[in-house]
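J.: Need the 3D shape of this:
(3 chains)
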Amino acid sequence: MGQLSIYKKLLKHFGKQYWWPAESEFEVIVGAMLTQQSTWRNVEKAIVNLKRERLLTPKAIAQASVPELQKCVRPTGFYRQKARRLRDFARYLERKYNGKLELLFSKPVKDTRDELLSLDGIGPETADSILLYAGGKLIFPIDAYTKRVYERLGLAEGHYSELQKFFHYNLPRDLVVYKEMHALIVELAKDYCSKNKPLCGECPLREQCSFERRFINM
DNA sequence: TCCCAGGCAGGGC
DNA sequence: GCCCTGCATGGG
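T.: Residues are numbered from 1 along each chain as shown, chains lettered A, B, ... in the order given. Predicted coordinates:
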């Protein structure tokens, strides 16, 4: 089963997702850092808090106190780390790029990626989400959901870079497809491919799911 | 009560 | 390189 037909099935089942939900590129990055090991529901609470306190620009976060940031991001868990990392990132942006994200993205993608990875709190998935959804780069993020879904489907396995190559080789080089595909996989996984829950009878990809066949009579 | 959530960093080996 | 642990709140 090809990537494009999977994409079409998911699109038909779930509809367009219009990710990333944010009002600015900087907000995308803040959300990407906050959603680590946390649900989007809780990230939204933190974003609301930050907006209320006018703390959603690089300059504002760079100048904010850590306790103030902690209070805002507390619902997402790991709030001490996340508050510090957000402030460090904002200060880095201010110092190196005068707070202008377009400068960060105006170099070869690999250079931007390496630079993001060198920062505290930004690993492969966060860096690639930032590159795709804030930078508009053709980079496909691999999260735990994507790994689980594709392993259950028997389509791909391996570590981060191997799974990412599979998507880069097999997906149409189209920004909308990349953005939607990642979002659709997350929706699929949340509804039908939870950890340790094989019951996925309504899954739009159930015909292809080897995991289901092991647990359900088909 | 336990498990999980759109990870990351640092350590031991 | 691989594997483990700490980080922490909120919801099912």
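J.: pLDDT below threshold where in chain A?
T.: In the predicted model, chain A carries pLDDT under 70 at residues A:196-201, A:210-218.
J.: Could you list the domains of it?
T.: Domains of chain A are assigned by automatic domain parsing as A:3-17+A:140-215, A:25-134.
J.: out of those domains, which comes closest to DNA strand C?
T.: Nearest to DNA strand C among those is domain A:25-134 (2.4 Å), distances taken as C-beta to the nearest atom of the strand. Placement of C-beta: from N, CA and C, glycine included.
J.: what about the closest one, start to end distance?
T.: Domain A:25-134 has its terminal residues 5 Å apart, counting by C-alpha to C-alpha, to the nearest Å.
J.: is DNA strand C contacted by that domain?
T.: Yes - against DNA strand C, domain A:25-134 shows contacts by C-beta under 7 Å from any atom of the strand at A:37-39, A:41-42, A:74-82.
J.: Of the domains of chain A, give the one that comes closest to DNA strand B.
T.: Distance to DNA strand B, taken as C-beta to the nearest atom of the strand, is lowest for domain A:25-134 among the domains of chain A, at 2.4 Å.
J.: I'd like the distance from that closest one to the chain centre, please.
T.: For domain A:25-134, the separation from the chain centroid amounts to 13 Å (computed by C-alpha atoms, centre = their mean, to the nearest Å).
J.: Over to stretch A:171-181?
T.: Relative to the chain's own centre, stretch A:171-181 is displaced by 14 Å; criterion: C-alpha atoms, centre = their mean.
J.: before we move on, what about stretch A:178-189?
T.: That offset, for stretch A:178-189, works out to 10 Å (C-alpha atoms, centre = their mean).
J.: can you pull the contacts of the spatially most central residue of chain A?
T.: The residue lying closest to the centre of chain A (C-alpha atoms, centre = their mean) is residue A:129, at 4.5 Å. Counting by C-beta atoms under 8 Å, 6 or more residues apart in numbering, residue A:129 makes contact with A:20, A:28, A:32, A:141, A:182.
J.: likewise residue A:204?
T.: By C-beta under 8 Å, 6+ apart, residue A:204 lies in contact with A:9-10, A:12-14, A:188, A:192.
J.: how does it look with 6 Å?
T.: Contacts for residue A:204 (C-beta atoms under 6 Å, 6 or more residues apart in numbering) come out as A:9, A:13.
J.: which SS state does it fall under?
T.: With DSSP: H, G, I helix; E, B strand; the rest coil as the basis, residue A:204 sits in coil.
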